[in-house]
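# With the sequence up front, the predicted model follows.
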Amino acid sequence: MPMPERLAGRLAVLLLLCLLPALAAAAPRIGVLTMEPGELFFERFGHNAIVVDDPAAAGPIAYNFGYFDLEEPGFVNNFIHGHMRYWLVALPMERDLAYYRQAGRGVTLQWLDLSPQQARALADSLAERASGENARYDYDYFTSNCSTQVRDALDRALGGQLRAQLSGRSRGHSYRSESVRLASPAPWMAIGFHVGLSGAADRPLSRYDEGFIPMRLREALREVRLEDGRPLVLAEETLAPHRLAPPPDEAPRLRGKALVAGLLLAGAVLLAGRRWPRALAGFALAFWLLAGLAGALMLYLWMATAHSFAYGNENLLLLSPLCLGLLPGAWALLHGREPGTWFRALLVLVVAGAVLAGFLKFLPFRPQENVEWVLLLLPLHWALLRRLAPKSAGVPLDQGQGGSPG
């Protein structure tokens, strides 16, 4: 005898309710590993990975987007030109953690409160992406790195909730400030970021954009709420203590120091021009060589690579490639000879570029944060012009600039 439709429907609902706990138990747990910064230059920004703890697997799997191969053909050339390719690797979580524990880098794990359907879909998506050529992606330091890949994968699993909750909020951090902050324990690296980044790196970042830093993404995940108001982070645990010095909370503020240093350098140049003119010529030779090479590199990054955050860098006005043209004149001065007539004209042009860099700081539509470099280098350029290329030429260097024999 056929079962009445109403009774059949009730039995189906009852059966589904009975199966739900089993379905939920079979769904994987999803977590986010966050590794603190290390001491090597490529570890300064920290790292992260997505953890999938599937009951059907032997143990938790870490999906790590940070792999590259230094021995890959053309790697160095691609690195220089901004065409880097990274890939996603799936490996046992304990194996991934071994290095960080040994290096003293702290590791935290945030378990996320995803629905069984969301967790399963994310796990399947990561497994598919980690296979074959799917694992490869175009790398960018700020917009497509190991952390943004984690962030975007979670956002897709949550139906866009991360982006929706974090995009409209900002704490005023920028790609430059975050890069300089994290690189500051290695001064050469911090200077490289500060000099080499253009104004494109200075726009205020949303909390979502800040997720290019793994530690910032960890902070943001703590604040995200699900549609019913529950926190996204179900639990957080420390898997390894951090035994290294932590990075500073903010980027160093250098404007005052830069102004004092610039004035002291300018004063030293003016003094040396009277008492030790050949020593000053030697200093100018070294400074113009360094400035010219830095400017040539910045120009190359702009004109011949895909490093878009180096395009249109105003520091080209302060560290101009034209400084290389001043080297023959500095060499002549070092050996007690007068430079060619072109020398003063070229030096005036270099100083004019530095003055223009300072003027641009007063324009609201040129937001590059390079005031420190203006304060440091503009007084130095002016003093070198004043001492090494005065308006009245023809005075032998050995007699100083005062006109009377020393």
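Sure thing, it's come through.
# What is the neighbour count of Met298?
When neighbours are defined as other Cβ atoms under 10 Å, Met298 has 24 of them. Quick note: C-beta positions are derived from backbone N, CA and C, even for glycine.
# list the buried ones in the helix or strand hosting it?
Element membership for Met298, per DSSP states H and E: helix 277-304. Across helix 277-304, burial judged by 16 or more other Cβ atoms under 10 Å covers 277, 280-285, 287-288, 291-292, 294-298, 301-302.
# Skip ahead from it and say which helix or strand is next.
Counting by DSSP H and E, the element after helix 277-304 in chain order, helix or strand, is helix 327-334.
# contacting residues for the nearest residue to Ser174 once chain neighbours are set aside?
Distances taken as Cβ to Cβ, 6 or more residues apart in numbering place Asp202 nearest to Ser174, at 4.9 Å, with adjacent residues excluded. Residues near Asp202 by Cβ atoms under 8 Å, 6 or more residues apart in numbering: 174-176, 367-369.
# Including secondary structure, could these go into JSON lines?
Listed next are these as JSON lines, based on DSSP: H, G, I helix; E, B strand; the rest coil:
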{"residue": "Ser174", "secondary structure": "coil"}
{"residue": "Tyr175", "secondary structure": "helix"}
{"residue": "Arg176", "secondary structure": "helix"}
{"residue": "Pro367", "secondary structure": "coil"}
{"residue": "Gln368", "secondary structure": "coil"}
{"residue": "Glu369", "secondary structure": "coil"}
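# which one of those is nearest Ser308?
Nearest to Ser308 among the contacts of Asp202: Tyr175, at 11.2 Å, using Cβ to Cβ.
# what's the pLDDT at the closest residue to the closest one other than its chain neighbours?
Counting by Cβ to Cβ, 6+ apart, Tyr175 lies nearest to Ala201, which is 4.0 Å off, once chain neighbours are set aside. In this prediction, Ala201 carries a pLDDT score of 97.
# isn't Leu299 right next to Leu317, touching?
No - in this structure, Leu299 is not within contact of Leu317 by Cβ atoms under 8 Å, at 11.5 Å.
# The one helix or strand Ala220 maps to: what's the following helix or strand?
Using DSSP H and E, Ala220 sits within helix 214-223. Using DSSP H and E, the next helix or strand after helix 214-223 towards the C-terminus is strand 233-240.
# The next helix or strand after that following strand - contacts with which helices or strands?
Using DSSP H and E, the next helix or strand after strand 233-240 towards the C-terminus is helix 255-275. Where contact means 3 or more Cβ pairs under 8 Å, 6 or more residues apart in numbering; DSSP states H and E, helix 255-275 is packed against helix 277-304, helix 371-388.
# for the stretch 1-150 of the chain, what are the low-confidence residue spans?
The model of the stretch 1-150 of the chain has pLDDT under 70 over residues 1-25.
# re the thing from before, between the helices and strands packed on helix 255-275, which one is closest to Val260.
Among these, the nearest to Val260 by Cβ to Cβ is helix 371-388 (8.8 Å).
# List the buried residues in stretch 53-72.
Residues of stretch 53-72 classed as buried by neighbour count (16+ other Cβ under 10 Å): 53-54, 60-66.
# Tell me the one among those residues nearest to Ala251.
Gly66 (23.7 Å).
# That closest one - that's part of a strand, no?
Yes - counting by three-state DSSP, Gly66 is located in a strand.
# wait, isn't it in contact with Met84?
No - between Gly66 and Met84 there is no contact under Cβ under 8 Å: 11.7 Å.
# For the residue nearest to the spatial centre of the chain, give its distance to Ala251.
In the chain, the C-alpha nearest the mean C-alpha coordinate belongs to Ser179, at 4.0 Å (Cα atoms, centre = their mean). Ser179 is 8 Å from Ala251, where distance means Cβ to Cβ, to the nearest Å.
# Thr34 now?
21 Å.
# The two - which one has more neighbours?
Shown here are Thr34 and Ala251; by other Cβ under 10 Å, Thr34 has more neighbours (25 against 21).
# Kindly confirm my reading that that one is in a helix.
No - under three-state DSSP, Thr34 sits outside any helix and is assigned strand.
# Just give the closest residue to it, not the sequence neighbours.
Distances taken as Cβ to Cβ, 6+ apart put Arg218 closest to Thr34, at 4.4 Å, once the chain neighbours are dropped.
# what's the neighbour count on that neighbour?
Neighbour count for Arg218, taken as other Cβ under 10 Å: 20.
# these two touch, right, it and Val32?
Yes - assessed by Cβ under 8 Å, Arg218 is found in contact with Val32 at 7.1 Å.
# what's the overlap in contacts for the two?
By Cβ under 8 Å, 6+ apart, the residues touching both Arg218 and Val32 are 48, 110.
# contacting residues around the residue nearest to Thr34?
Arg218 is in contact with 32, 34, 48, 108, 110, counting by Cβ under 8 Å, 6+ apart.
# wait, what's in contact with the first one?
If you count contacts by Cβ under 8 Å, 6+ apart, Val32 has them with 48-51, 109-110, 112, 150, 154, 217-218, 221.
# Which of the residues you listed fall in helices?
The helices, defined by DSSP state H, take in 150, 154, 217-218, 221 from the contacts of Val32.
# Which of these sits closest to Phe343?
Nearest to Phe343 among the ones in helices among the contacts of Val32, counting by Cβ to Cβ, is Leu217 at 53.1 Å.
# which phi and psi does the residue nearest to that closest one when sequence neighbours are not counted have?
Leaving aside its sequence neighbours, Leu217 sits nearest to Gly211 (Cβ to Cβ, 6+ apart; 4.0 Å). For Gly211, the backbone dihedrals (degrees, to the nearest 10) come out as phi -60, psi 0.
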